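1. Have a look at this prediction, sequence included:
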Amino acid sequence: MTLDELRHLAPLARLSAGATDQAIDRAEAECRITFPSDYRQFLLNSDGLTGMVGSTCLALWSARELGELNKGYNLAEFCPEAVAVGSNGGGEAIVFRRDSLRIGHVPFIPLDIQHYEDLAGTFDEFLRAPAPRDWR
């Protein structure tokens, strides 16, 4: 997804200057994952996002925050099957499943893959339709 497409999908969201390849590589190492190419491109275009995407409020974390916040939320202990990349601001973590790289959400409490709900097959698909009906 291009930066112009992102701006069109999220005209009211706060976008950031893009991350460097080195910052993304560091985040991948800290989170022990290779990010999907469309998510990597998102970080290169905007290193995080806060605000409305369509009718959904999202906080997508910057590359430099990813390792720190995954560690802070104890994902490796409580939900090792996933890597969090943000939240909906309402108690749900936005995550990539490690086994499939599909994107979905899990509640922060209880933080457990058993409560995972799939949102999209790719990050770009997620940005185009980020919220299940019960979030709206």
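-> That came in fine, so what should we check first?

2. What count of nearby residues applies to Asp99?
-> 9 (other CB atoms under 10 Å). (Glycine included, C-beta is placed from N, CA and C.)

3. how about low-confidence regions in this protein?
-> Along the chain, the model assigns pLDDT under 70 to residues 130-136.

4. which residues in it form strands?
-> 14-15, 49-53, 56-60, 82-87, 92-97, 103-107, 117-120 (DSSP state E).

5. would a markdown table of the ones you listed with mean neighbour count and distance to Ile24 be doable?
-> Listed next are these as a markdown table, based on neighbours: other CB atoms under 10 Å; distance: least, CB to CB, whole Å:
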| stretch | mean neighbour count | distance to Ile24 |
| --- | --- | --- |
| strand 14-15 | 14 | 16 |
| strand 49-53 | 19 | 15 |
| strand 56-60 | 21 | 13 |
| strand 82-87 | 24 | 12 |
| strand 92-97 | 22 | 14 |
| strand 103-107 | 22 | 17 |
| strand 117-120 | 14 | 20 |
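
6. what would these look like in CSV with distance to Tyr39?
-> CSV is the format used below for the strands of the chain (distance: least, CB to CB, whole Å):
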stretch, distance to Tyr39
strand 14-15, 15
strand 49-53, 12
strand 56-60, 9
strand 82-87, 7
strand 92-97, 7
strand 103-107, 8
strand 117-120, 11
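
7. how about the ones you listed, which one is nearest Ala76?
-> strand 82-87 (9.5 Å; CB to CB).

8. Grab the CA positions of the closest one and hand them over as CSV.
-> This file holds the C-alpha atoms of strand 82-87, laid out as CSV (Å, rounded to 0.1, in the frame of the first residue of the first chain):
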residue,chain,number,x,y,z
ALA,A,82,1.5,-14.1,18.3
VAL,A,83,3.3,-10.8,17.9
ALA,A,84,1.4,-7.7,18.8
VAL,A,85,1.6,-4.7,16.5
GLY,A,86,-0.9,-2.3,18.1
SER,A,87,-4.3,-2.1,19.7
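
9. can you pull the contacts of the residue nearest the centre of the chain?
-> With distances taken as CA atoms, centre = their mean, Val85 lies nearest the centre of the chain, 3.1 Å away. Going by CB atoms under 8 Å, 6 or more residues apart in numbering, Val85 touches Tyr39, Leu60, Trp61, Leu66, Ile94, Val95, Phe96, Ile103.
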